[in-house]
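> need a structure here:
(one chain, ligands or ions: 1)
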Amino acid sequence: MGDPLADPRAFRRCLGQYATGVTIVTASADGVMVGVTANSFASVSMTPPLVLWSLQNNSTSYDVFTRATHFAINILAADQIELSQRFAKSGPEKFDGVTLSEGAGGAPILDGAAAVLECRREVEHPTGDHLIMVGHVERYRRSETAALVFERGRYAAAVEHPATRFKDDHPQSSTILHRYFIVLLNRAYNRMREAMAAARASEHLDLNESRVLSAVSAYPSRSLDTLQPITFLDRIAAEDAVASLCAKGFLTVGQAAVLTMTPSGSQALDALYEATLAIEGQLLSSIPEDEFAITERTLRAIVGADVFTRQ
Ligand SMILES: Cc1cc2nc3c(=O)[nH]c(=O)nc-3n(C[C@H](O)[C@H](O)[C@H](O)COP(=O)(O)O)c2cc1C
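Residues are numbered from 1 along each chain as shown. Purely as a prediction, here's the structure:
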């Protein structure tokens, strides 16, 4: 049992167990646009149509949000992680180069969102270190795009639960491959993922730690401030990973918070790299070279040709 006041970081981690979507809430007042990444969004009522989210009291966007007549909840699509990162930091350049349209009350609508709710401010409840803002939904739109997910301090993508996977959606299809193609791809991915998790465990690393270690290896002599976006972890999760890597003797924090990998950190990362190659080798060894061409054609059709030309 934890006491939230005794260890706020542990409390944050506990809250992070609750998987959410990710939104960017926007508003505009007197010609100034604001937007913050927020996962505190929740639906409240159908009749009348009400939703809520909570805004940190120390947000530099606070004044504009409390002066604007409206706000817009932009529910992010799975491919909008970079937008989420950009709107999670203070600064005037958040909207630079972002394709926008104008919603109710001038609230900016972000192109490509999975759904948008245009809300009139209904009521606010100052509570603790946040302001709960309730909005009356005047208009909404949605697309079929999959939504971005945030869970345990990191971005995630929602997949159908394995327990519900074998529903027969295509009774017309004649072969198992046709019928369960995506399910089988997912199963192949999961097999790889499980093997990687085991390889990490044998190097005493978890996923977040291995991401931080890889980032330090790719960009040495930098602080967590500059590395955090590459890890795609939130601040707390990234700091926790740094702390545990230091405790394990894999990383040191030096002057100006510069992160340096120790020889044992570098050894663990090398071993993980070798293990990855071995896992790939083992899983793919029975496939003749020329059959890879078929796999490549299939993957090009599904994920696009550009991944095969990227460095
Ligand atoms: C996944 C995620 C969820 C967040 N949720 C909230 C939230 O619900 N409310 C909030 O005020 N800040 C939240 N933040 C932090 C804000 O995005 C961040 O403090 C804000 O953009 C800073 O800019 P500002 O100074 O304009 O407020 C979240 C950040 C992330 C990465």
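> where do the strands sit along the stretch 201-311 of the chain?
In the stretch 201-311 of the chain, the segments counted as strands under DSSP state E, counting those that start in this stretch are 222-223, 251-253, 258-261.
> quick one, which of those strands is nearest to the ligand?
strand 222-223 (18.6 Å; CB to the nearest ligand atom). C-beta: built from backbone N, CA, C; applies to glycine.
> Show me the contact partners of that closest one.
Outside of strand 222-223, the residues within contact range by CB atoms under 8 Å, 6 or more residues apart in numbering are 216, 256-259.
> if we go to 10 Å?
215-216, 228, 230, 242, 253-260 (CB atoms under 10 Å, 6 or more residues apart in numbering).
> Up against the ligand, what does this structure have?
22, 34, 36-40, 53-56, 59-61, 87-90, 150, 234 (CB under 6 Å from any ligand atom).
> Identify each buried residue in stretch 49-66, please.
50-55, 59, 61, 64-65 (16 or more other CB atoms under 10 Å).
> Just the closest of the residues you listed to Leu76, please.
Nearest to Leu76 among the buried residues of stretch 49-66, counting by CB to CB, is Trp53 at 13.4 Å.
> Please state the backbone phi and psi of the closest residue to that closest one other than its chain neighbours?
Closest residue in space to Trp53, ignoring its immediate chain neighbours: Phe41 at 4.5 Å, by CB to CB, 6 or more residues apart in numbering. The phi/psi pair for Phe41 (degrees, to the nearest 10) reads phi -60, psi 140.
> And Ala29, by the same measure?
phi -150, psi 140.
> Next, the contact list for the residue in the stretch 201-311 of the chain positioned nearest to the ligand, please.
For the stretch 201-311 of the chain and the ligand, the shortest gap (CB to the nearest ligand atom) falls at Asp234, measuring 5.2 Å. Listed by CB under 10 Å, 6+ apart, the contact set of Asp234 reads 12, 16, 37, 39, 85, 88, 150, 152-155, 228, 240.
> could you dump the residues you listed to TSV with pLDDT?
TSV is the format used below for these (pLDDT from 0 to 100):
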residue	pLDDT
Arg12	92
Gly16	94
Thr37	98
Asn39	97
Gln85	94
Ala88	96
Phe150	96
Arg152	93
Gly153	93
Arg154	93
Tyr155	94
Gln228	89
Asp240	94
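> ChimeraX command to pick out the buried ones of those?
Buried subset of the contacts of Asp234, written as a ChimeraX selection, criterion 16+ other CB under 10 Å:
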select :12,16,37,39,88,150,152,153,154,155,228,240
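> quick one: low-confidence parts of the stretch 101-250 of the chain?
Along the stretch 101-250 of the chain, segments meeting pLDDT under 70 span 162, 165-174.
> Ramachandran angles for the residue in it that the ligand sits nearest to?
Closest residue of the stretch 101-250 of the chain to the ligand, CB to the nearest ligand atom: Phe150 (4.6 Å). Note on Phe150: its backbone torsions stand at phi -130, psi 130 [degrees, to the nearest 10].
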